[in-house]
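> Quick one, structure for this:
(one chain, ligands or ions: 1)
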Amino acid sequence: MSICQLNVESVRNLSQVQMQPCDGFNFIVGLNGAGKSSVLEAIHMLGAGRSFRTSRHRQLIQYEQQQLNIFAEVDRGHQRHRVGMQRDKQSDLAIRINGQSTTRLADLVGLFPLQLLTPESANLLLTGNKVRRQFLDWGLFYQGEQFFNAWKRYTRILKQRNAMVRQQARYEQIGFWDQELISNGRVISQLREEFVARLQQALLPFTHKFLPDHEVTLVYQPGWDLSDDLATQLESNYPRDLRQGYTTLGPHRATFKVKVNNNPAEEMCSRGQLKLLVAALTLAQGALLSQQHGIPCIYLVDDFAAELDESRRALLIECLIAIKSQVFITATDSIFVDQIRQQIEDQARPIKVFHVEQGKLTKHE
Ligand SMILES: Nc1ncnc2c1ncn2[C@@H]1O[C@H](COP(=O)(O)OP(=O)(O)OP(=O)(O)O)[C@@H](O)[C@H]1O
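Coordinates of the predicted model:
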C-alpha cells in the first residue's frame, strides 16, 4: 500500500504542494521551519484524522485561509482509492473516499494504516497508560470487526455508567449497565491479551537488532486485578467510583508495560534507546499487519537524525527496507540521505528526495 499522489493546500506554510512519492523511501529535506513536518502532518491528518502535533485543528490551517484541503491517491495493489479531506476553522470536517462523502473517521483509518516516529516518540514509554492503550488498540482495530464492535459498545456503556456515577446513583441502579460492560470488557481484554503476545513475538527480531544483549518483554495490564472477577471488583470498587466521579477500573484503564532485562524500560534505557524501542514496537505493528492481513503500513519518520547515531540510523533503515513499506522521512541536511542512499539502492528499494523551502516543494534529481 502506498500513496502515489499527494496534494496539500493551506496546511501551515504549505500553500499548495503536490508530490508523487515513490513506494519506497521518500526523503523530505529542508532547513528548520521550511515545512517538512507539515508534509508529514498532512499525511497523518489523512490517515488518522488528526495532527500528531496539536489537537487544535485551527493551528494547521494556513493563516488568513478559511480551510485546509488534503488529497491522496492510494495504491492498494489491486485497487486505487481517492481520499480527500477538508477541514475549516469551525472544525467542520468533510471526508470523501472515491467520490463518496463519509463522516466516519474509521473509514479513513481503515484505508490508510500509518505509523509515526518523531523526536517525541519516547513518550510512548514515558507518559501515562492512555497512549500505550491507544497504541495497542491501533493494531487491534485492523484485526477484525470483533474488537472494534466490542470497543464501541463498551465505550458507549461506560459513558452512561459514568453519568450515573456523577449523579451518585445507588449500585443497584448501575447493575444493569454493568452486565453489558462486563461482557464487552471481557472480549476486549481477551483480544488485547492475545494481541500483546503476538506483538511480543513480532517485536523480537527488531529488539535483537536495536538492543542486542537486552531481553525485552511486554507485560499486559488489563485495568483490573486479574486474580479476582471483574464483576466483583466493579461492585466492591463502587464507593471509590462515587468519590472520584468516574469508573476507576476496567478495560478502559488497560495498558502494557515494557520491561528490559526485567526492569521498567523507562528506568533502564537512555532516550536514544527508548526511541529505538519505540521504533521496534512500531515496526512490529507494521510487520504483524502485513503478515496477518497483507496490508503494509506507511511509516512517517520526523527528524530522522534526532537522538540516533549513524549506525542506529542505518539499522532503522535496514528494518524499514525489510518490511517493504512506503516511508516518508524528514531531515534537515541531505548529508543524512547521502549516508544511507547506497544502503537503500543496494536492496533495490525506490528512493526519491524532495526539497522544501519556505513551504515550496521540489523534487531533487
Ligand atoms: N497556521 C500556519 N500558517 C502559516 N504558517 C504556519 C502556520 N503554523 C505554522 N506555520 C509556519 O510553518 C513553518 C513550517 O513548520 P514545520 O514545523 O513544518 O517546519 P520544519 O521544516 O519541520 O522545521 P523543523 O526542522 O524546525 O522541525 C514554520 O515556519 C511555522 O512558523
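> Do you have the helices of the stretch 251-365 of the chain handy? List them.
In order along the chain, the stretch 251-365 of the chain carries the following helices (DSSP state H, counting those that start in this stretch): 265-268, 271-293, 310-322, 334-346.
> Looking at the ones you listed, which one is packed in the most?
Comparing the helices of the stretch 251-365 of the chain by mean neighbour count (mean count of other C-beta atoms under 10 Å), helix 271-293 comes out on top with a mean of 21. Any C-beta I mention is one placed from the backbone N, CA and C, and that applies to glycine too.
> interface residues of this protein facing the ligand?
Within reach of the ligand by C-beta under 6 Å from any ligand atom, the chain has these residues: 12-13, 30, 32-38, 59, 61-63, 332.
> Which of those fall in helices?
Counting by DSSP state H, the members of these that fall within helices are 36-38.
> Nearest approach to H44 belongs to which of the helices of the stretch 251-365 of the chain?
The stretch from the helices of the stretch 251-365 of the chain with the least distance to H44 (C-beta to C-beta) is helix 271-293; that distance is 13.4 Å.
> what is the orientation angle of the closest one with helix 310-322?
Between the direction of helix 271-293 and that of helix 310-322, the angle (axes from the mean of the first three to the mean of the last three C-alpha atoms, to 10 degrees) works out to 10 degrees.
> Can you spell out which helices and strands pack onto helix 271-293?
strand 114-117, helix 123-126, helix 129-141, helix 171-210, strand 255-260, helix 265-268, helix 310-322 (3 or more C-beta pairs under 8 Å, 6 or more residues apart in numbering; DSSP states H and E).
> tilt between it and helix 129-141?
Orientation note: helix 271-293 sits at an angle of 20 degrees relative to helix 129-141 (the same axes, to 10 degrees).
> got the buried residues for stretch 199-208?
Neighbour-count burial for stretch 199-208, counted by 16 or more other C-beta atoms under 10 Å, picks out 199-200, 202-203, 206-207.
> can you check stretch 251-267 too?
Under the neighbour-count rule (16+ other C-beta under 10 Å), stretch 251-267 has 251-252, 254-256, 258-260, 265 buried.
> Farthest pair within the residues you listed?
The largest distance within these, taken as C-beta to C-beta, falls between H252 and V260 and amounts to 27.3 Å.
> Contacts only, for the residue most central in space within the chain.
When the chain is reduced to its mean C-alpha position, the nearest residue by C-alpha atoms, centre = their mean turns out to be Q115, at 4.8 Å. For Q115, the contacting residues are 282-283, 285-286, 297-300, taking C-beta atoms under 8 Å, 6 or more residues apart in numbering as the criterion.
> Cool, thanks, talk later.
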